[in-house]
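1. give the three-dimensional model of this entry:
(chains A, B, C and D)
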There are 2 protein chains.
Amino acid sequence: MHSLITNIKIQISDKIFVKDPETSVLGKKIIKESIILIDEIGFDNFTFKKLGAKINSNESSIYRYFENKHKLLLYLSSWYWSWIEYKLFFATTNVDDSFEKLKKAITVVTEKIEDDLATEHINESVLNKIVITEFTKTLHTKEVDEENKEGFFLIYKRVITRLVELITEVNPEYQYARSLASSIIEGALHQHFLRDHLKTITNCNEEISPTAFYLNLILTLLKKNRS
Amino acid sequence: MHSLITNIKIQISDKIFVKDPETSVLGKKIIKESIILIDEIGFDNFTFKKLGAKINSNESSIYRYFENKHKLLLYLSSWYWSWIEYKLFFATTNVDDSFEKLKKAITVVTEKIEDDLATEHINESVLNKIVITEFTKTLHTKEVDEENKEGFFLIYKRVITRLVELITEVNPEYQYARSLASSIIEGALHQHFLRDHLKTITNCNEEISPTAFYLNLILTLLKKNRS
DNA sequence: TTATTTTCGATAGTAATACTATTATATTTG
DNA sequence: CAAATATAATAGTATTACTATCGAAAATAA
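-> Below you'll find the predicted structure:
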């Protein structure tokens, strides 16, 4: 299992970083502490200088790993979606019924993430929090098209594509599998955000999870052709 | 009709601006040209200095209207949602059938916006484009909770609440009206964005609109209790 | 074990950003 | 026409977002 995690890490495009942070102690420290610092002060207020101070290292040393903070966020996001892809794989293997499989997949992509202690230098729970508030910022830039061509969003798109496959397996007649998949992934993050900050425009709270909302949604939406 | 537009404008919280841009020629110029400039170079690259150069005015003069560019974006977003609220009102009045009403409402909040020539200093079509790419940035800051308390997102939340009412009218048994409404509003912007930039993870294109996707969704999701 | 490479920290420096303050000049309004 | 208000121009500060250089430390290879 540990080797599989390592494999997932390798999938992150080497165009995102200057030097692979997994290859050194400082690199791993940058990843670990940047997650915590971004969560604390928000991505907009986050700077390499502040991170340097936090890890008792120098601003210029961090630049040796990442061109800028945007690339660092891209790296963290890719890592996150890789992690989700990995969980998706394990949640759906050996499940025969296609609707059961889809339900498991929906659960993985919409539920609140707990820390996995197997990855020492990454706290998945905190990473999940920063993905909820900051992920859209990786997409919403003037450089999306170039960065998309460079493959920076490949893992994210692969997770969505996997969900599309599962939806199509459940109901091959459904016309909007891709839009449904992408809106579930995006929407789940959004519902988590609303639950934390704009409670009046969501039904999600301590009792009702975004997962419940989306499980109910796909049940109603795709049930026609269920066996 | 023109006076109604004026009324809508007045609804924008005066905590968002230092001086109401509607009250002067320079103010209106700031609004008009900032929409165009943000669309051109993106919000991240947008500065008051650049805007000043574009409108042959001074950076410091713009600061007399808005504290910073974040507040300006909040203003533009509020204006946008006000505009949507106004369109929502007209689209649903004198429609008796509740499902027809909901369909009209969904259309208003998910369709591509055309410019309305009645508002000289605002190009709604371009404003729609910047809302698609930049709106989430108004929410995803460390200051959301304070700004929410100050009422900066009131109009946005009111649009969602209106949609919740219409959903509940169609199907009072449906458990997730608020989450559905908020995910439609957010998701429609997202689908527009994907159509423009990440085409492989959406079904939306020139033929299929986000509106079609969401009309199909609510039809299937809420039809049980339709009359 | 020594030599070589690489990694890292420290310092310095630049251009741009995000403002604030002041003052003089327009422009509006009473 | 006078008074009030709005705007433009200039200057200045702190922070950000980097780049470049250099020497020391650490890792690795011969």
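2. mind checking pLDDT for A:Thr23?
-> A:Thr23 carries a pLDDT score of 89 in this model.
3. an error on my part: the question was meant for A:Ser57.
-> We have a pLDDT of 89 for A:Ser57.
4. residues contacting it?
-> The contact partners of A:Ser57, taken as Cβ atoms under 8 Å, 6 or more residues apart in numbering or on different chains, are A:26, A:29-30. Using the backbone N, CA and C atoms, a C-beta is placed for each residue, glycine as well.
5. ok, A:Lys137 next?
-> By Cβ under 8 Å, 6+ apart, A:Lys137 lies in contact with A:43, A:73, B:136-137, B:140.
6. over to A:Leu189?
-> Contacts for A:Leu189 (Cβ under 8 Å, 6+ apart) come out as A:131-132, A:135-136.
7. re the thing from before, out of the contacts of A:Ser57, who's nearest DNA strand C?
-> The shortest approach to DNA strand C among the contacts of A:Ser57 belongs to A:Leu26, at 3.5 Å (Cβ to the nearest atom of the strand).
8. pretty sure that closest one is touching A:Ser61, no?
-> Yes. Under the criterion of Cβ atoms under 8 Å, A:Leu26 makes contact with A:Ser61 at 6.5 Å.
9. which one of these two is surrounded by more residues?
-> Just comparing A:Leu26 and A:Ser61: by other Cβ atoms under 10 Å in any protein chain shown the higher neighbour count belongs to A:Leu26, 17 against 14.
10. hmm, the strand or helix carrying that one touching DNA strand C?
-> If you go by DSSP states H and E, A:Leu26 is part of helix A:25-41. Yes. Residues of helix A:25-41 are located near DNA strand C by Cβ under 7 Å from any atom of the strand, namely A:25-27.
11. quick check: which ranges of chain A have low pLDDT?
-> A:1-10, A:224-227 (pLDDT under 70).
12. near DNA strand D, which residues of it show up?
-> So far as Cβ under 7 Å from any atom of the strand goes, chain A lies against DNA strand D at A:45, A:47-50, A:59-60, A:63, A:67-70.
13. what about 6 Å?
-> Residues of chain A lying near DNA strand D by Cβ under 6 Å from any atom of the strand: A:47, A:49, A:59-60, A:63, A:68.
14. for these, which one is nearest chain B?
-> The shortest approach to chain B among the residues of chain A next to DNA strand D belongs to A:Asn68, at 11.7 Å (Cβ to the nearest Cβ).
15. now what about stretch A:152-167, what contacts it?
-> Outside stretch A:152-167, the residues touching it (Cβ under 8 Å, 6+ apart) are A:11-13, A:15-16, A:74, A:77-78, A:81-82, A:84-85, A:88, A:92, A:98, A:101-102, A:105-106, A:109, A:138-139, A:147, A:174, A:177-178, A:180-182, A:184-185, A:218, A:222, B:198, B:200-201.
16. and the buried ones among the contacts of A:Lys137, selectable in ChimeraX?
-> Buried subset of the contacts of A:Lys137, written as a ChimeraX selection, criterion 16 or more other Cβ atoms under 10 Å in any protein chain shown:
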select /A:43,73 /B:136,137,140
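17. for DNA strand D, state which of the contacts of A:Lys137 is nearest.
-> After measuring the contacts of A:Lys137 against DNA strand D - Cβ to the nearest atom of the strand - the closest member comes out as A:Phe43, at 9.7 Å.
18. and that closest one, how far from A:Leu37?
-> Noted for A:Phe43: a distance of 10 Å to A:Leu37, by Cβ to Cβ, to the nearest Å.
19. rewinding a little: how about the contacts of A:Lys137 in a markdown table, adding secondary structure?
-> Below are the contacts of A:Lys137 laid out as a markdown table (DSSP: H, G, I helix; E, B strand; the rest coil):
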| residue | secondary structure |
| --- | --- |
| A:Phe43 | coil |
| A:Leu73 | helix |
| B:Thr136 | helix |
| B:Lys137 | helix |
| B:His140 | coil |
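20. closest to A:Glu169 among the contacts of A:Lys137?
-> B:Thr136 (31.5 Å; Cβ to Cβ).
21. mind checking how far the next helix or strand after the helix holding A:Leu26 is from the chain centre?
-> Going down the chain from helix A:25-41, the next helix or strand is helix A:48-54, by DSSP H and E. The gap between where helix A:48-54 is centred and where its chain is centred comes out at 24 Å by Cα atoms, centre = their mean, to the nearest Å.
22. in PDB, list the C-alpha atoms belonging to helix A:48-54.
-> The C-alpha trace of helix A:48-54 is given here as PDB (Å, rounded to 0.1, in the frame of the first residue of the first chain):
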ATOM      1  CA  PHE A  48       7.200  32.300   0.600                       C
ATOM      2  CA  LYS A  49       8.800  34.800   3.000                       C
ATOM      3  CA  LYS A  50       6.300  33.900   5.700                       C
ATOM      4  CA  LEU A  51       6.700  30.200   4.900                       C
ATOM      5  CA  GLY A  52      10.500  30.500   5.200                       C
ATOM      6  CA  ALA A  53      10.200  32.100   8.600                       C
ATOM      7  CA  LYS A  54       7.900  29.300   9.700                       C
END
